[in-house]
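Undergrad: I need the structure of the sequence given here:
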Amino acid sequence: MKNKKNFLKKLFLLFFILIIIATLTALYAYYIGTTGIFVKEYKVKNSNITDNFYGFKIVQLSDIHYGRTVHKKELEKIVDKINATKPDIVILSGDLVDMDTVLDNKMINEIAGILSKIDVTINKYAILGNHDTMFDSWNNIIDSAGFVDLNDNYDLIYYKDNKNYIMLSGISSVANKKKSLTEKMENTDNYLKKLNKDDSPCYRILVIHEPDLLDDIDYKDYDLVLAGHTHKGQVVIPGIKPLFLPSYGKKYYKDYYKLKNTDVYISSGIGTSKLNFRLFNRPSFNLYRLTNK
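TA: Take a look at the predicted model:
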């Protein structure tokens, strides 16, 4: 009888300790894990990068999910942090606004006004994320903030000379079902088909929102692919696959993959989706420095 009581006491104590640990972890993930902004910096080396693009800086901003854990004050701090890196281009790879956000005119103007303060040498670009497809006003925000709409299209980037250039292409979220994937790629594919060797870009970058699209596209046509969407699972437990991976983000969710000759980087994002928790995965944006040596 005495042994049984001791066992029950130990069991109760263990249960109580587990409850305390779970509570403290949840409080950390809610109040601390979702705050701050970190810069993940990467050196992207490729022999195709010409000397004029040596040191070229790209900031990838992804999955802000404005209206959940990111609001006016947080977005202003993000912009200040981006400007401190002095980027040549900035790429917003989807999910600017969270689907559960009630987006009124005041908020539209607020977001656009803050994002318009991002300073770049060349340009700012954006594609739709799956949450963004819920908002007709996404285009108004992007236009007012001075971003180039890169959805299912491309741009040619020249820097320091008029000969060598980078081709930057974008594919909008597959949640935007107005076009098939083939149709989404049509503008870029048509441009690539008509190129001869002398006219070809020195380096090709593709921006997608959902990284699992990699299995459905000819990624070997690109030197670099940038994606978002997964948030790296939001909750990261060392040694365990992330628990909360979204559809089209269940296969490719880590920071980096090398697929044949293509470098793939996936931003773990800034905001939250569905649950306002981030554990061992603080908000961040990526900074890439291009180099050929």
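
Undergrad: Report the separation between Asn105 and Phe16.
TA: Computed as Cβ to Cβ, to the nearest Å, the Asn105 to Phe16 distance reads 50 Å. Just so you know, the C-beta spots here come from the backbone N, C-alpha and C atoms, and that holds for glycine as well.

Undergrad: Same check on Ser200?
TA: 66 Å.

Undergrad: what about the two, which has more around it?
TA: Taking other Cβ atoms under 10 Å, Ser200 and Phe16 do not tie; Ser200 has more neighbours (14 against 10).

Undergrad: got the phi/psi numbers for the more buried one?
TA: For Ser200, the backbone dihedrals (degrees, to the nearest 10) come out as phi -70, psi 150.

Undergrad: how close does it get to His131?
TA: 35 Å.

Undergrad: Tell me the secondary structure at the spatially closest residue to Phe277 that is not a sequence neighbour.
TA: Closest residue in space to Phe277, ignoring its immediate chain neighbours: Ala29 at 4.0 Å, by Cβ to Cβ, 6 or more residues apart in numbering. On the three-state scheme (DSSP: H, G, I helix; E, B strand; the rest coil), Ala29 is labelled helix.

Undergrad: unless I'm mixing things up, Ala29 is touching Arg278, no?
TA: Yes. Under the criterion of Cβ atoms under 8 Å, Ala29 makes contact with Arg278 at 6.1 Å.

Undergrad: higher neighbour count, the two?
TA: More neighbours surround Arg278 than the other of Ala29 and Arg278, with 27 against 20 (other Cβ under 10 Å).

Undergrad: And that one, how close does it get to Lys57?
TA: Distance from Arg278 to Lys57, by Cβ to Cβ: 26 Å.

Undergrad: just His65 next, same as before
TA: The gap separating His65 from Lys57 is 25 Å, by Cβ to Cβ.

Undergrad: Same drill for the two, tell me which one is more crowded.
TA: His65 (25 against 17).

Undergrad: Which pLDDT value belongs to that one?
TA: Here, the pLDDT recorded for His65 equals 98.

Undergrad: what residues are up against it?
TA: Applying Cβ atoms under 8 Å, 6 or more residues apart in numbering to His65 gives the contacts 95, 97-98, 101, 131, 269-273.

Undergrad: quick one: which two of the residues you listed are the most distant?
TA: Thr101 and Gly269 (15.6 Å; Cβ to Cβ).

Undergrad: Compare neighbour counts for these two and give me the winner.
TA: Between Thr101 and Gly269, Gly269 has the larger neighbour count (other Cβ under 10 Å), namely 29 against 19.

Undergrad: How about the more buried one: what's its closest non-neighbour residue?
TA: Asp63 (3.1 Å).

Undergrad: so that neighbour makes contact with Leu92?
TA: No. Look at Asp63 against Leu92 with Cβ under 8 Å: they stay out of range, at 9.6 Å.

Undergrad: how about the strands of the stretch 1-150 of the chain, start to end?
TA: Assigned by DSSP state E, counting those that start in this stretch, the stretch 1-150 of the chain shows strands spanning 38-45, 57-61, 89-92, 123-126, 147-149.

Undergrad: ok, Asp212 - how many residues close by?
TA: 20.

Undergrad: So it belongs to a helix, correct?
TA: Yes. Under three-state DSSP, Asp212 falls within a helix.

Undergrad: Quick one: residues contacting it.
TA: Applying Cβ under 8 Å, 6+ apart, we find Asp212 in contact with 247-252.
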